[in-house]
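> Give the three-dimensional model of this entry:
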Amino acid sequence: MSVAHYPSIDCPPTVNEVTLLECLSRVQDPELDESIVDLGFVQAIRLRDREASVTLRLPTSWCAINFAFVMAEDVRSALLAADGIDRVTVRLGDHCAAADIEEAVNNGKPFVAAFPHNGGRDLAALRTIFLRKGFLIRQERLLRELLTRGLSMGDIAQLNIGTMAVGRHEFRPEIASLPRYLERRAELGLDCSSHAALVVDQEGAAVLEERLEQYFQRIRTVRVAMEANASICRAALASRNNMNSGRQQ
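Sure thing, here's the model as predicted:
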């Protein structure tokens, strides 16, 4: 099964600092499957002529180098996709590998060029791992939402994607978790046609009623662990911000 990279991000044609922030809101922390904007990682955005500059502040100065590289690389790609932006500079503040990451990312070099002895050829495998993890997290949220609406496991096992549609290209807006789930499903190259089962595993096989409860409990642990990690990241970042604010005062 082929796996797509994170999709390119469409930005509004008239670019200003507000629309740049909108573009950045689509960039995800690869491990947490949450927007770097929502997580508070975007410290500053500057736009001058056709050049954008973004400063990120990660929760700690020793955040994993490959995760930091992925986010910096995705920030650059997102903003270069915006009409009216010709150059992007990404800064990582006091991150332990900021200089090496910035030199590579801002010049369009791959991870291996910056860290040839780090044990990996590129970041494609890491991206795939976290795309698949995010798929499970989004799927678990969809299942919880359907269960709270009174559907049984048997009901859910019978649903296909077409059942959730209200039109050819629109899906039921009242199911809040559905769009992001289908977005990630498409990114993984899984069948998104109307006849395809709504709940499938990471290989695209339908999850049948007799194993849906066990499957749900397993992916629930993935979601709970992710949310715990996100809480830790937010707390660590808040602590850093408070410390920096105290130093400035």
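> Now do the phi/psi pair for the closest residue to T60 other than its chain neighbours.
Take T60 and drop its neighbours on the chain: the residue closest to it by C-beta to C-beta, 6 or more residues apart in numbering is A236, 5.6 Å away. Any C-beta I mention is one placed from the backbone N, CA and C, and that applies to glycine too. Note on A236: its backbone torsions stand at phi -60, psi -40 [degrees, to the nearest 10].
> A236 against S61, yeah?
No: A236 lies out of contact with S61 (C-beta atoms under 8 Å); the separation is 10.4 Å.
> Helices along the protein, start to end?
17-24, 65-80, 98-105, 111-114, 124-148, 153-157, 178-187, 209-248 (DSSP state H).
> and the gap between the residue nearest the centre of the chain and A104?
For the chain, the residue nearest the mean C-alpha position is Q28 (2.9 Å; C-alpha atoms, centre = their mean). Here the criterion is C-beta to C-beta, to the nearest Å. By it, Q28 lies 20 Å from A104.
> picking up where we left off before, winner for burial among the helices of the chain?
Using mean count of other C-beta atoms under 10 Å, the stretch among the helices of the chain with the largest mean neighbour count is helix 65-80, at a mean of 22.
> Quick one: list the elements packing against that helix.
Secondary-structure packing of helix 65-80 (3 or more C-beta pairs under 8 Å, 6 or more residues apart in numbering; DSSP states H and E): helix 17-24, strand 28-29, strand 51-56, strand 87-91, helix 98-105, helix 111-114, helix 124-148.
> Just name the shakiest helix or strand of this protein by mean pLDDT.
Across the helices and strands of the chain, the lowest-confidence element by mean pLDDT, DSSP states H and E is helix 209-248, at a mean of 85.
> End to end on stretch 201-216, go ahead and measure it.
End-to-end distance of stretch 201-216 (C-alpha to C-alpha, to the nearest Å): 11 Å.
> Need the contact partners of it.
Residues outside stretch 201-216 that contact it (C-beta atoms under 8 Å, 6 or more residues apart in numbering) are 1, 132, 135-136, 140, 143, 153-154, 156-158, 188, 190-191, 197, 199-200.
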